[in-house]
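>>> structure, please.
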Amino acid sequence: MSDPQLLTPEEKLADAKKLLGLPRIVAICGSTRFMNAMNEADLRETKAGRIVVKPGCDMKSPHELWSDPAEAEALKAQLDDLHRAKIRLADEVLVVGDYIGDSTRAEITYARSLGRPVRFTHPEVDPEA
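Below is the predicted model:
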């Protein structure tokens, strides 16, 4: 008798999503300078019946939580890790905005390395276009 094939964590997650009947999950990525556009994309994706995860902090806007430079640097790293987790959770990625910076480019590369489809509000900025 052969050993049963063990499922990867990704396969287990996909199976759990199916068993739970979850709608598709979309991770919104992009520069936080496009937070208004991200909110609009969130609205449209939600209306289309998708679960949306996106950046929750706009560190370009002043706030007491990141007013200390040392704390802001640590928080940025923590938020980057959290966003990569959102990408792992998602079924697809939607990149918002007409500009792709280093962080967004890294997120696109990461999503594609996981086999996640990547859509763009502005397809002309796709690094692979």
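>>> can you tell me the closest non-neighbouring residue to residue 90?
residue 27 (3.7 Å; Cβ to Cβ, 6 or more residues apart in numbering). C-beta: built from backbone N, CA, C; applies to glycine.
>>> what do you get for residue 28?
With Cβ to Cβ, 6+ apart as the measure, residue 54 is the residue that lies nearest to residue 28, at 3.7 Å, once sequence neighbours are left out.
>>> and the one you found, how many neighbours does it have?
20 (other Cβ atoms under 10 Å).
>>> could I get the full set of strands for the protein?
Taking DSSP state E as the criterion, the chain contains strands spanning 25-29, 51-53, 92-95, 118-120.
>>> columns mean pLDDT and mean neighbour count on top of those, output as a markdown table?
Formatted as a markdown table, the strands of the chain follow (pLDDT from 0 to 100; neighbours: other Cβ atoms under 10 Å):
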| stretch | mean pLDDT | mean neighbour count |
| --- | --- | --- |
| strand 25-29 | 98 | 24 |
| strand 51-53 | 98 | 19 |
| strand 92-95 | 98 | 22 |
| strand 118-120 | 98 | 18 |
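>>> want to throw the ones you listed into CSV with distance to residue 104?
Below are the strands of the chain laid out as CSV (distance: least, Cβ to Cβ, whole Å):
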stretch, distance to residue 104
strand 25-29, 6
strand 51-53, 15
strand 92-95, 6
strand 118-120, 10
